[in-house]
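Novice: need a structure here:
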Amino acid sequence: MMAQAPHDARVVIGLDVGTTAAKVSAFALGGEWRASADNEYPLQQPRPGWEEQEPEVMWRALREGLVEIAEACGSAPVVGIGVSTALHGLIGLDADRRPLTPLLTWADSRAAAQAMQLRGTELGRRLHRTSGTPIHSMSHLTKLIWFAEEDPETAASVRWWVGLKDYILLQLTGELVTEVSHASGTGLLDVNTRDWSEEALQVAGVRRDQLPPVRPTTEALPVRAELLVELGLPDGVRVVLGAGDGPLGNLGVGALEPGVVGLSLGTSGAVRMVTERPYVDEAGKLFCYNLADDAWVIGGAISNGGIVVRWGGDVFGVDFADEPGGNPDGMLLDLARDIPIGAEGLVALPFLMAERAPLWNPTIPGAFLGVRRSHGREHFVRAAVEGVALMLSTIVDELDRVSPIRQIRATGGVFRSPVWREVLSAALGRPLVVTDGADGTALGAAALALYGLGEAASLREALIALGADPDAGSDELVPDPDDVAAYRAIRAGIPALLARYDEVRTLFS
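Specialist: Sure, this is the predicted structure:
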């Protein structure tokens, strides 16, 4: 049974609606009490490349978690609620604001052809400079082009095009709005005006009145009266609109200034750094998303993180699944630890899902190159981990050009594995601080809520008020210089390999 909040505590709630589950966490101000509830939901794949979810199912899962956490809060007053959701998901609503389409998630690549056609053009480059969102099948921009070209009947029936965040806010408050962080990930926003871009709307084929109005991430709206009754919360509880999961992840791990990078690695992965103003990468490799008025997050996300090893467990670790307490992923990783750097010539291009940074190419498939008879499953797993680490290292290098990196603060379940920790630290070529990120994004949402409600003077102070130490983490993992040099040599050949691979692989597709 979940422990009850102390009666004299003041509590803030953070919501984290992700790809696999809705997490509701409560944090006592100035105390150590925390409580969390997780409810999972399925990811549907009706066709290759289509990655969908049902918005109503996701809302039910979130509401169940809210009920559970409200009970745990008991008589402790709830200061407010902050919201995080996964970025890039698109939903079409009818005139009654009910879903006409499923949620097309960030991983949905049905718009790959539209993205690739637009990406290399001057128009595509201009849209990236305006919006801060790379041209890719993840974005609302390319998905809307797909609907206009491939499913015009549905497009004509949609009254409102919204994101997952907007849908969740609608259920919580009864108002249809969005916020700058979520909007900055759509490819439709002008980051300088913080409003919808007329040129992007024309390219997407949508009207301004089909999109929600854009509000600051720190704006607050009252919770619907009916929902307050259902949760047993008093009148007056407000929802701070919040931000996207990536920017809030940086807040949750305390990576809040230039030179301090937040690295998250779960199913997918990302590397991000906070700047005071919008920054758009002229090379088109980095995104720029909003966190708060004077905080913007630049970086890149990979679609293929821990999922690559999970795939390896499914393919190479079937026999481990029958072991008592079997953990195929962990057992394979233990075997891979004994394999030397470079996996004895085996190279993995870990593109199982439509890849994002640094290539932003949703059509490129994965591959293993350099296969020899002497290679066993442990080599394939080692190569897969190294492939993911090397992709992340290219993003770190791009961020280092913006502002020299002095610390990487990492979070994610994969870091329980010594293989992941050692390979990533050496491949990145920098010390790694692994933080306790179990509640990272929900903690970020709660901290932004405190800041938005005027309960903290800064984002950093908001973290401290919730009992979080922005500088905490494990001891720095400092990589061996010889290992760093070995991965640097491997990484030097990756750009040429990728360029040649993308050219040649089309002969076999």
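Novice: Give the burial count for V67, as a bare number.
Specialist: V67: 16 surrounding residues under other Cβ atoms under 10 Å. To be clear about C-beta, it is placed using only N, CA and C from the backbone, and glycine gets the same treatment.
Novice: Run the chain-centre distance for the host helix or strand of it.
Specialist: If you go by DSSP states H and E, V67 is part of helix 55-73. Counting by Cα atoms, centre = their mean, to the nearest Å, helix 55-73 is centred 21 Å from the centre of its parent chain.
Novice: Tell me the secondary structure at the residue of the chain positioned farthest from its centre.
Specialist: Largest separation from the mean C-alpha position in the chain: R373, at 38.0 Å (Cα atoms, centre = their mean). Using DSSP: H, G, I helix; E, B strand; the rest coil, the structure places R373 in coil.
Novice: Please report how far it lies from V347.
Specialist: According to Cβ to Cβ, to the nearest Å, R373 and V347 sit 16 Å apart.
Novice: Let me see the ranges of the strands in the stretch 251-400 of the chain.
Specialist: 260-265, 269-275, 287-292, 295-302, 347-349, 367-369 (DSSP state E, counting those that start in this stretch).
Novice: For these, please prepare CSV with the additional fields distance to E503 and mean neighbour count.
Specialist: Formatted as CSV, those follow (distance: least, Cβ to Cβ, whole Å; neighbours: other Cβ atoms under 10 Å):
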stretch, distance to E503, mean neighbour count
strand 260-265, 30, 26
strand 269-275, 26, 26
strand 287-292, 26, 26
strand 295-302, 22, 25
strand 347-349, 14, 24
strand 367-369, 13, 15
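Novice: Dump stretch 345-365 to CSV, keeping only the CA atoms.
Specialist: Output of stretch 345-365 as CSV, limited to C-alpha atoms (Å, rounded to 0.1, in the frame of the first residue of the first chain):
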residue,chain,number,x,y,z
GLY,A,345,35.8,-5.8,-36.3
LEU,A,346,32.0,-6.1,-36.1
VAL,A,347,30.2,-2.8,-36.6
ALA,A,348,26.5,-2.1,-35.9
LEU,A,349,24.4,0.5,-37.6
PRO,A,350,21.6,0.4,-35.0
PHE,A,351,18.7,1.7,-37.0
LEU,A,352,15.8,-0.6,-36.1
MET,A,353,13.3,2.3,-36.0
ALA,A,354,13.1,5.4,-38.2
GLU,A,355,16.2,7.2,-37.1
ARG,A,356,16.4,10.8,-35.9
ALA,A,357,19.7,12.5,-34.9
PRO,A,358,22.3,12.8,-36.2
LEU,A,359,21.1,11.7,-39.7
TRP,A,360,17.4,12.7,-39.5
ASN,A,361,16.8,10.0,-42.1
PRO,A,362,13.7,7.9,-41.3
THR,A,363,14.3,5.5,-44.3
ILE,A,364,17.8,4.2,-43.5
PRO,A,365,17.7,0.6,-42.1
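Novice: Now that stretch: buried residues?
Specialist: Neighbour counts over stretch 345-365 (16 or more other Cβ atoms under 10 Å) mark 346-351, 353-364 as buried.
Novice: before we move on, the earlier item: between the strands of the stretch 251-400 of the chain, which gets nearest to R98?
Specialist: For the strands of the stretch 251-400 of the chain, the distance to R98 is smallest for strand 287-292, at 28.3 Å, taking Cβ to Cβ.
Novice: I figured I81 hits L448, correct?
Specialist: No. Contact criterion Cβ atoms under 8 Å: I81 and L448 do not qualify, at 10.9 Å.
Novice: Between the two, point out the one with more neighbours.
Specialist: Each of I81 and L448 has its neighbours counted (other Cβ under 10 Å); L448 has more, 33 against 28.
Novice: still on that earlier bit, want to try CSV for the strands of the stretch 251-400 of the chain, with mean pLDDT and distance to H88 as columns?
Specialist: Shown next, in CSV, are these (pLDDT from 0 to 100; distance: least, Cβ to Cβ, whole Å):
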stretch, mean pLDDT, distance to H88
strand 260-265, 92, 16
strand 269-275, 95, 12
strand 287-292, 96, 10
strand 295-302, 95, 9
strand 347-349, 94, 23
strand 367-369, 93, 26
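Novice: would CSV of those with distance to P234 be doable?
Specialist: Converted to CSV, the strands of the stretch 251-400 of the chain look like this (distance: least, Cβ to Cβ, whole Å):
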stretch, distance to P234
strand 260-265, 35
strand 269-275, 35
strand 287-292, 27
strand 295-302, 31
strand 347-349, 54
strand 367-369, 57
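Novice: Quick one: closest of those to A472.
Specialist: strand 260-265 (13.3 Å).
Novice: burial of P42, as a residue count?
Specialist: 10.
Novice: Revised request: answer the last question for L443.
Specialist: L443, neighbours per other Cβ under 10 Å, totals 31.
Novice: cool, G330 as well?
Specialist: When counting by other Cβ under 10 Å, one arrives at 17 neighbours for G330.
Novice: That one: what's it in contact with?
Specialist: Going by Cβ atoms under 8 Å, 6 or more residues apart in numbering, G330 touches S417.
Novice: Could you check how far it is from G30?
Specialist: G330 is 38 Å from G30, by Cβ to Cβ.
Novice: How about R377?
Specialist: On the measure of Cβ to Cβ, R377 and G30 end up 50 Å apart.
Novice: Looking at those two, which one has more neighbours?
Specialist: Taking neighbours as other Cβ under 10 Å, R377 and G30 compare with R377 leading, 16 against 11.
Novice: what's the nearest residue to the more buried one if we skip its chain neighbours?
Specialist: Distances taken as Cβ to Cβ, 6 or more residues apart in numbering put F316 closest to R377, at 3.8 Å, once the chain neighbours are dropped.
Novice: How many neighbouring residues does that neighbour have?
Specialist: F316: 20 surrounding residues under other Cβ under 10 Å.
Novice: mind starting the numbering at 14 from now?
Specialist: Okay, residue one is now 14; in that scheme the one you just asked about reads as F329.
Novice: hang on, E489 packs against R443?
Specialist: No. If you go by Cβ under 8 Å, E489 and R443 don't touch, sitting 9.5 Å apart.
Novice: higher neighbour count, those two?
Specialist: Between E489 and R443, counted using other Cβ under 10 Å, the more crowded position is R443 (21 against 13).
Novice: Name all residues that make contact with that one.
Specialist: 409, 418, 420-421, 492.
Novice: Tabulate those residues in a markdown table, adding columns for secondary structure and distance to D484.
Specialist: Formatted as a markdown table, the contacts of R443 follow (DSSP: H, G, I helix; E, B strand; the rest coil; distance: Cβ to Cβ, whole Å):
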| residue | secondary structure | distance to D484 |
| --- | --- | --- |
| V409 | helix | 20 |
| I418 | coil | 16 |
| Q420 | strand | 9 |
| I421 | strand | 14 |
| P492 | coil | 21 |
